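1. quick one: sequence plus predicted model below, questions after.
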Amino acid sequence: MRFTLGARLFLAVLGSFLAIGAVGFELVRWNVSAHSPHVAAADAAVVLRLRDELQQHYREHQDWSFLPANPAQRKTWLGQQIARLQAAAADDDAAAPVASAALRYRVGLLDADEQLLTGALAQRFLIVTAALDRVSYALTDGQGEIGTLVLARADNQDTDLVVAFLIEQQRNLAILGATCLALAIIAAALLSASFRRPIHRLVEGARRLGAGQIDTRLNLRRSDELGELARTFDQLAAQLEAAESSRREWVANTSHELRTPLAVLRAQLEALRDGVRAPSPENIELVMRQALTLGKLVDDLGALARSDMGQLDYSLASVDVWALVTETAQTFADRFSTAGLALAASPAPAQATVHGDAGRLRQVLVNLLENSLRYTDRGGRVQITGEASGATLKLTIDDTSPGVPPASLARLGERFYRADASRSRQLGGAGLGLALSRQIVEAHGGQLDFSASPLGGLRATLTLTLVA
């Protein structure tokens, strides 16, 4: 049998209310119990004299017609008789024990069918909850039983007034008890529902999310732990949606970037096959260049995929980063000169040794310098600066115009993102080099940021931790 959380909460809350009520009843029971196991002699004497008088009146009238016809008067008539007998007993023997003052409120007269005629009768629920006893005194007319006098008592004689009060208010107490029970059930149901509804929404949301509906949101406005759980669920769903969107964009961009060089390569090969172009060294070189471009794109995609899975290999050792900068700059010197650009480096920083992979860090420097070489206008310049401060080495690569729009600066380093897609495609960039560079730097515990350069172009800032 499936026992839901809502049912458990309902039973737990209801059980708590009932336990509180049980404690209250038990306090009453404890208060009226455990002293004397018998009826006080004075009380018994009054009840016995009352029994004799009632039997005598019944014989005279042959029924209970001598009782008052008015309901209100009949209800109090028996108590008045008891008070009269108590007063007479006190007058007869002043030294005799005095019956309980509350006796008149604890005695009821039943007919042969056990229907209350007059007086006060403790109902069964009160007897059970308050630990009372009922002592019966049979009435006869010489031929058979005509009725019963019922005395309600507690084991503790000192609580006779409490017992009298309970009997007097037993109807109100029964209504109060039923009302409290109903309120307890309602409160338990409402509290259970307040937990069950958000939990049900969480379950349904998780099912929809598992079914691929990544736009699912709960939007649950609560300030408790369930509200926090719902907000966390919404954040997770948003992250999943962003990841799915990124995945789709990644697949689309990858397909697009692969299609372009493949189309060019295919067209050139078809031209060679059909004799449109002669297989000259120049045409073969053109085909080779397209194949190299395609190979580099595939290599970059593979490197990014391995980096995402944490499978990009790093051979860590102490590396002089500034020596890498100088070496890489020298390999680019001829290309910068051919492009009409000036490449300069500042004096070496006081400390430039980091713990890293020399090959991967060189790859980052190559990508950054390649980016400046491609997108800096002829006649411009590129400045490399190194600065050691505390435990941090900061390398900056600044180039001259054109600059990058402010809206595009924050997106540099995203896969396949290019500030000017058409110009980047003409120059051969696929938008993967900076993304791969950022992942390599972050794997070294560093940071790669992009901002506007004081020279009018782009500034790339590479931050690494120095070896102590």
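-> Right, received. Where do you want to start?
2. run the chain-centre distance for stretch 433-453.
-> 36 Å (Cα atoms, centre = their mean, to the nearest Å).
3. next: stretch 193-207.
-> With Cα atoms, centre = their mean as the basis, stretch 193-207 stands 11 Å off its chain's centre.
4. list the buried ones in it?
-> 195, 196, 198, 199, 201, 202, 205 (16 or more other Cβ atoms under 10 Å). Every residue, glycine included, has its C-beta placed from N, CA and C.
5. avg pLDDT for it?
-> Stretch 193-207 shows a mean pLDDT of 82.
6. just the strands in this protein please.
-> Per DSSP state E, the chain carries strands over the ranges 107-111, 116-119, 133-140, 145-153, 317-320, 342-345, 353-356, 381-389, 392-400, 447-452, 456-465.
7. list the contacts of the fourth one.
-> Contacts to strand 145-153, defined as Cβ atoms under 8 Å, 6 or more residues apart in numbering, come from residues 39, 43, 47, 50-51, 54-55, 58, 64, 103, 106-112, 114, 117, 120-122, 127, 132-140, 160, 163, 167.
8. center of the protein - which residue?
-> residue 229 (2.2 Å; Cα atoms, centre = their mean).
9. ok, that residue - contacts?
-> Contacts of residue 229 by Cβ under 8 Å, 6+ apart are residue 202.
10. repeat for residue 358
-> 315, 317, 319, 324.
11. would you list the residues you listed in JSON lines and tack on pLDDT and distance to residue 75?
-> As requested, those are arranged in JSON lines below (pLDDT from 0 to 100; distance: Cβ to Cβ, whole Å):
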{"residue": "315", "pLDDT": "80", "distance to residue 75": "103"}
{"residue": "317", "pLDDT": "91", "distance to residue 75": "105"}
{"residue": "319", "pLDDT": "92", "distance to residue 75": "105"}
{"residue": "324", "pLDDT": "92", "distance to residue 75": "108"}
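12. same list, the strands of the chain, but as a markdown table with distance to residue 217 and mean neighbour count please.
-> A markdown table is the format used below for those (distance: least, Cβ to Cβ, whole Å; neighbours: other Cβ atoms under 10 Å):
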| stretch | distance to residue 217 | mean neighbour count |
| --- | --- | --- |
| strand 107-111 | 67 | 21 |
| strand 116-119 | 65 | 20 |
| strand 133-140 | 65 | 15 |
| strand 145-153 | 64 | 20 |
| strand 317-320 | 47 | 14 |
| strand 342-345 | 52 | 15 |
| strand 353-356 | 42 | 20 |
| strand 381-389 | 45 | 18 |
| strand 392-400 | 41 | 21 |
| strand 447-452 | 33 | 17 |
| strand 456-465 | 37 | 20 |
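13. look up how far residue 282 lies from the residue nearest to the centre of the chain.
-> 67 Å (Cβ to Cβ, to the nearest Å).
14. quick revisit: now the strands of the chain as TSV including distance to residue 335?
-> Formatted as TSV, the strands of the chain follow (distance: least, Cβ to Cβ, whole Å):
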stretch	distance to residue 335
strand 107-111	116
strand 116-119	115
strand 133-140	111
strand 145-153	112
strand 317-320	24
strand 342-345	9
strand 353-356	26
strand 381-389	11
strand 392-400	14
strand 447-452	22
strand 456-465	17
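15. no further questions, thank you.
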